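Asks: need the 3D shape of this:
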Amino acid sequence: MLEILIIDDSAEDLGFVERVFRQCKVLNPIKLLHSGDECVALFEENSASNRYLVILDLLMAPTNGISVLRRLRARGLGEDSIFIMLSGITDIKSINAGYQLGARTFLVKPIKAEDILELLTHLKKQIVVEEQSEGYVLRWISAAAETPPADTTFLKRGISLSA
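Replies: Predicted coordinates for the structure are as follows:
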C-alpha cells in the first residue's frame, strides 16, 4: 500500500487536502508535513524503504516546493515516488520548474474530490485503486506486472474512475 505525503506550511491547507482524500474514502495512510525541510528529512531517513504519493505545495517558506524537488534530486532521493505540485497561484515559471524536476502534474488550491479522481486517472499506469468494504486503497502497480488489472473502478458520488 502506498503512503500519501501532504506537505504544506499552512495547517489549514494540510487539513483541507487530507479531508478531500478522506471524502473520497481513500484509506491509505496519510502523513502531514509542515515544511519542505521536514519532507527532505523524511526522504533522507527512509531513502530505500518507502515510495510515496507526494502532494507538495510550491509556495512555502522558508523552503519552497521547487527547492525541495531540487534537494531531493541532487541527493538521488524520491526517484520512485510521484510528486504532485499544489498551489493557490498558477505561477507558470514555478510550474515548469517543477515539471523539469520530475513533478507529474499540478493541482490548484483549493482542491476538490473531482481533482483527486482526475489525479488518479492521470496516474493509472502507476497506481491501481482497489475497492474494499470501507473505501478504497491505492496501491503501486508492480513493476513485474505487464498491465494493470482490467476493471478497477473508483466510485464517489456517481463519479467513476476506470484504470
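
Asks: wait, isn't Ile127 in contact with Ile4?
Replies: No: taking C-beta atoms under 8 Å as the contact criterion, Ile127 and Ile4 are not neighbours in contact, 10.6 Å apart. Heads up, the C-betas are built off the backbone N, CA and C, glycines and all.

Asks: what's the overlap in contacts for those two?
Replies: Common contacts of Ile127 and Ile4, defined by C-beta atoms under 8 Å, 6 or more residues apart in numbering, comprise 53, 138.

Asks: where are the low-confidence patches of the chain?
Replies: For the chain, the stretches flagged by pLDDT under 70 are 47-49, 142-163.

Asks: how about a cut-off of 90?
Replies: Filtered on pLDDT under 90, the chain yields the residue ranges 1, 46-51, 61, 79-80, 87-92, 94-95, 117, 120-122, 124, 141-163.

Asks: for it, which segments count as helices?
Replies: Counting by DSSP state H, residue ranges of the helices within the chain are 11-23, 36-45, 65-74, 92-100, 113-122.

Asks: mind listing what Leu107 touches?
Replies: Residues touching Leu107, when contacts are defined by C-beta under 8 Å, 6+ apart, comprise 55, 84-86, 115, 119.

Asks: all set now, cheers.
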